[in-house]
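> Got a sequence here, can you model it:
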Amino acid sequence: LPGVPEAMGAALFHVATVDNTFGGGMSFTAYFVQERTDPHAGGDFDRFGSRPLNNQEVAAITAALEGLGEVRWIPGLDDFWGSDDAPRVPGSVMLGVGDAAVDGDAIVVPVSLLCGSVCGTWRTYRVELVDGVARVTGSEGPIVIS
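Residues are numbered from 1 along each chain as shown. Down below sits the predicted model:
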């Protein structure tokens, strides 16, 4: 079973590099990561509540995104969004993660990705240990794509 922080990092890496609505191979100019859990991650828009990510979660997510580009930690949407319904930094993306849950030998991690007013995805991943590394092995529940 992977650790929850590592599972969160693996899920955000996967949504940013594989399921980012542009297809694999897309890279963004900057990766804005929410400092708190995203209550809308996973596409469950009726959920409420958020909490600050802890030091272990921040470290694991930072490590997972290393090498993709600049990573900026932000309080929320207002720090990402510009006045013209577009990201403040052209070509950037905002990532969010919800509270993860253990499900047998996997961790279920809800995530969100927002890259513009009509560009985003919300989904939930199953993360398992594969050859000793936390990896996304599938999706669960609804997938929302804009």
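
> Tell me where the chain has strands.
Remark: strands assigned in the chain by DSSP state E are 30-34, 70-74, 93-97, 101-103, 106-116, 119-130, 133-145.

> and residue 24, which of these is closest to it?
strand 133-145 (12.7 Å; C-beta to C-beta). Yep, even glycine has a C-beta here, placed from its N, CA and C like the rest.

> strand partners of the closest one, parallel vs antiparallel please.
Sheet pairing for strand 133-145, assigned by DSSP bridges, gives strand 119-130 (antiparallel).

> what's the average pLDDT for the partner strand?
Strand 119-130 shows a mean pLDDT of 95.

> relative to strand 93-97, how tilted is that strand?
Going by axes from the mean of the first three to the mean of the last three C-alpha atoms, to 10 degrees, strand 119-130 is angled at 50 degrees with respect to strand 93-97.

> Next, the buried residues of strand 119-130.
Neighbour counts over strand 119-130 (16 or more other C-beta atoms under 10 Å) mark 119-129 as buried.
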